[in-house]
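Colleague: missing the sequence, but the structure's below:
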C-alpha cells in the first residue's frame, strides 16, 4: 500500500505536531503537509491530492466548515475529519450532516488513527458503490430491453429506463402514478396483478407474456422476466421486458402458412379419394359390359 498523503489544516504548529505524532503512534505510515490559509488549502488539494484531510474547526481566517465544502467540491473522494479543541454538539452534528467523516477533540487524539482508518475504509466502500451504481445505471439506460422497478407493496413504477418509456408510451412521471397492471387492457389486469403477487411471494418464475396498452390505442406484446431485488435498503421488483412484436408477427405468419398447407392437404386427400371412387365406378361399369 502506498504511503498515505495527509493534509492538515491547522494554524498552531505545536498542535499539528501532536496530531502527526498521534497518527504515528497509531501505526500509520504517511506524509503530512500543514496549511492554514484558504489559498494554501486549495493549492494542496490540487497539487498534493491528499488521501485524507484533517481540519481544525476554527482558524483566524478560515474554518473547517469552509474547508469541508471546498474539499467536497474539489476532491470528494478524500474524507474530511474535523480535529478541534472544542466543539458544540450542534456544530458537530451539522458538520457530520454536511459530509464530515468524523470529528475528534484534541484532548482525545488517541482515537485519531482509528478514525482515519475507518474514514478511509468508508471512502473506499463508497467509491466501490458509486462505481457499481454507475455501471448499473449505464446498463440500465442503454439496454434495448425495457427495465422497470416496481414498489414492492403497491406495484407502482419507481424507476424505468428510456426503452420502457418507449414501450409503454408514457414518460416516467406519468408511469409513477399507476401500478404496472394499469398498463393492461381490462381483461389483463387481474392476470398481471396475480403474476406480481406470485413473483413477490416467490411462488412462481417471473417469465410470461402480456400486452402493454399504450395511450395511442396500440398494443405492444412483450415478454417479461421479473425478480425481487434489494435497492438502497428497500425491496423492489425488477422486470425486464422485451418487445416481441416481430416474433408475434412471424409466428402468426407461420400459423397461417401451416393452416394453408393443411387445407391444401385436405383438398389433395379429398381429390385422391374422389379419383379413386371414380376409377372404381369405371371398373364396375366395364365389368358389367
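Modeller: Sure, I can see it. Being a predicted model, the structure only gives us computed values, none of them experimental.

Colleague: going by C-alpha atoms from here, please, whenever you check contacts or count neighbours.
Modeller: OK.

Colleague: okay, strands next: where are they in the stretch 1-150 of the chain?
Modeller: Assigned by DSSP state E, counting those that start in this stretch, the strands in the stretch 1-150 of the chain fall at 4-9, 30-35, 52-55, 80-84, 102-105, 146-151.

Colleague: dump those strands into CSV; add distance to residue 263, mean pLDDT and mean neighbour count as well.
Modeller: Below are the strands of the stretch 1-150 of the chain laid out as CSV (distance: least, CA to CA, whole Å; pLDDT from 0 to 100; neighbours: other CA atoms under 10 Å):
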stretch, distance to residue 263, mean pLDDT, mean neighbour count
strand 4-9, 82, 94, 22
strand 30-35, 86, 94, 17
strand 52-55, 80, 94, 27
strand 80-84, 80, 91, 27
strand 102-105, 81, 90, 20
strand 146-151, 40, 90, 23
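
Colleague: residue 127: which of the ones you listed is closest?
Modeller: If you check each of the strands of the stretch 1-150 of the chain against residue 127 by CA to CA, strand 52-55 wins as the nearest, at 14.1 Å.

Colleague: name the SS class of residue 177, please.
Modeller: coil (DSSP: H, G, I helix; E, B strand; the rest coil).

Colleague: give the contact list for it.
Modeller: 156, 157 (CA atoms under 8 Å, 6 or more residues apart in numbering).

Colleague: distance check, it against residue 136.
Modeller: For residue 177, the distance to residue 136 equals 25 Å [CA to CA, to the nearest Å].

Colleague: now residue 278
Modeller: 74 Å.

Colleague: before we move on, what about residue 260?
Modeller: From residue 260 over to residue 136 (counting by CA to CA), the distance is 48 Å.

Colleague: helices or strands next to whatever helix or strand residue 262 lives in in the packing?
Modeller: Assessed by DSSP states H and E, residue 262 sits inside helix 245-288. Judged by 3 or more CA pairs under 8 Å, 6 or more residues apart in numbering; DSSP states H and E, helix 245-288 is in contact with strand 219-231.

Colleague: double-check residue 82 against residue 64; I have them as touching.
Modeller: Yes: using CA atoms under 8 Å, residue 82 is in contact with residue 64, at 6.7 Å.

Colleague: find residues that contact each of the two.
Modeller: Counting by CA under 8 Å, 6+ apart, the shared contacts of residue 82 and residue 64 are 55, 56, 57.

Colleague: next one: phi and psi at the second one?
Modeller: Residue 56 has phi and psi values of phi -70, psi 150 when expressed as degrees, to the nearest 10.

Colleague: wait, doesn't it sit right on residue 9?
Modeller: Yes: contact criterion CA under 8 Å: residue 56 and residue 9 qualify, at 5.9 Å.

Colleague: who touches both of these two?
Modeller: Common neighbours of residue 56 and residue 9 (CA under 8 Å, 6+ apart) do not exist.

Colleague: for residue 102, give me its contacts.
Modeller: Counted by CA under 8 Å, 6+ apart, residue 102 has contacts 80, 81, 82, 96, 115, 119.

Colleague: how far away is it from residue 220?
Modeller: Residue 102 is 53 Å from residue 220, by CA to CA.

Colleague: what of residue 261?
Modeller: 29 Å.

Colleague: now the residue nearest to residue 127 when sequence neighbours are not counted. Its backbone dihedrals?
Modeller: Among residues not flanking residue 127 along the chain, residue 77 sits closest, at 7.3 Å (CA to CA, 6 or more residues apart in numbering). With angles defined as degrees, to the nearest 10, residue 77 sits at phi -70, psi -20.

Colleague: and residue 77, what pLDDT?
Modeller: For residue 77, the pLDDT comes out at 91.

Colleague: helices of the stretch 101-250 of the chain, residue ranges please.
Modeller: Ranges of helices within the stretch 101-250 of the chain are 112-142, 162-168, 172-175, 189-200, 245-288, based on DSSP state H, counting those that start in this stretch.
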